[in-house]
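Novice: Quick check, what structure comes out for this input:
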Amino acid sequence: SPQGLAIIAATNAFGLGIDKHNLRFVIHFAMPGSLEAYYQEAGRAGRDGKPAECILFACEEDVGLQRWFIKQSLISKKELLRVYTAVERSPSYERFRWIEPRELEWQTGCDSTKIRVILSLMQRIGAIRQHPRISSVLNISKVYSGRSAKQSLHEAGKMPALQGLPGLDARIETLRYCQLHRLSPLTFMERLYDARWQGSLQFHGTEDCLLIECLYPSQKLKHITAEQLGMKDFERQKHRQLDQMVLYTVTPQCRQRVIHSYFGEAVGKDYRCGLCDVCDSSLRTEIGPNPLVKTSVEQFLKQRETP
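Specialist: Reported below is the predicted structural model:
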């Protein structure tokens, strides 16, 4: 068109955040790891109700890459203990720990993705509780109009947990403040937001620290079992999801029918959407040799793990 061609190239995470109703194409350069992921990502197209196309490029190498991703996502007991010990030794008040993500990466040798997975796992097994990020430093920078600095601080000081505020245009180290005034950081931040909402003061910070509540000592984690970690079940689930995604790419059945069946929707044996490349062969394109396309469903089902 005279306006040119508007294209957004994005990772799957960024792509899911695109809130445009008139996308006419969603093109996957590589196969996702599950039908859940594919359906969500492809669902960005045609949200205005008008026709749109979803195109998936798939090759054998994609399967190997996804299996590598699964392997990388598995957490060992050694990695779990390493991260938990680093968190436990971080600056603290009572059970709460302040730690910057980069510092945690440096101390443990784990990348940010693995650390997120480990923290999520530790929360699931009850070892920690993750709270919203907290700023290591807060700046009280402004009084709302119509209030003097003295009035604002006086009103904020009436609120429990804010009686120790040093003054406006002040710099507060949240950890030290909580330690000095024996405050839970959750209570402190709750009262601070209340004060801002009431117009007593305004503050800002960078939310640069993870705020993690340790629920029991790291020594207890040394006795955790493989069953409690649940990595075997997790690995089996991920491989089954990948198997279903591969099955979707090689199936001779209507692709929409495969999706409906996977998500537990009742569909007739002869259901055909009439819109996919299986129902309409003119839509199908093969670029070079593709072992996935040539592999029969029966052969694939024999090779994959039985759910």
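Novice: Show me where the stretch 51-200 of the chain dips below the pLDDT cut-off.
Specialist: 141-169 (pLDDT under 70).
Novice: can you give me the strands for it?
Specialist: Using DSSP state E, counting those that start in this stretch, the strands found in the stretch 51-200 of the chain span residues 53-56, 92-93, 96-99, 128-134, 137-142, 170-173.
Novice: Quick check: which of these is buried the most?
Specialist: The highest mean neighbour count among the strands of the stretch 51-200 of the chain, using mean count of other Cβ atoms under 10 Å, belongs to strand 96-99: a mean of 21. Placement of C-beta: from N, CA and C, glycine included.
Novice: Contacts for that strand, please.
Specialist: Outside strand 96-99, the residues within contact range by Cβ atoms under 8 Å, 6 or more residues apart in numbering are 86-88, 90-92, 131, 134, 136, 174-175, 178, 184-185, 209-214.
Novice: Which of the residues you listed fall in helices?
Specialist: Among these, the members falling in helices (DSSP state H) are 86-88, 174-175, 178, 185.
Novice: buried sites along stretch 269-276?
Specialist: Neighbour-count burial for stretch 269-276 flags Cys276 (criterion: 16 or more other Cβ atoms under 10 Å).
Novice: in which helix or strand would I find Gln244?
Specialist: helix 231-250 (DSSP states H and E).
Novice: can you give me how far that helix is from the chain middle?
Specialist: Averaging C-alpha positions (Cα atoms, centre = their mean, to the nearest Å) puts helix 231-250 19 Å from its chain's average.
Novice: could I have it exported to CSV, CA atoms only?
Specialist: Below are the C-alpha coordinates for helix 231-250, written out as CSV (Å, rounded to 0.1, in the frame of the first residue of the first chain):
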residue,chain,number,x,y,z
MET,A,231,11.0,-32.1,38.3
LYS,A,232,10.3,-35.6,36.8
ASP,A,233,6.6,-34.8,36.6
PHE,A,234,7.4,-31.4,35.2
GLU,A,235,9.7,-32.8,32.5
ARG,A,236,7.1,-35.4,31.5
GLN,A,237,4.4,-32.8,31.3
LYS,A,238,6.6,-30.5,29.1
HIS,A,239,7.5,-33.4,26.7
ARG,A,240,3.8,-34.3,26.4
GLN,A,241,2.9,-30.8,25.6
LEU,A,242,5.7,-30.7,23.0
ASP,A,243,4.5,-34.0,21.5
GLN,A,244,1.0,-32.5,21.1
MET,A,245,2.5,-29.5,19.3
VAL,A,246,4.4,-31.8,17.0
LEU,A,247,1.3,-33.9,16.4
TYR,A,248,-0.5,-30.7,15.4
THR,A,249,2.1,-30.0,12.7
VAL,A,250,1.9,-33.5,11.1
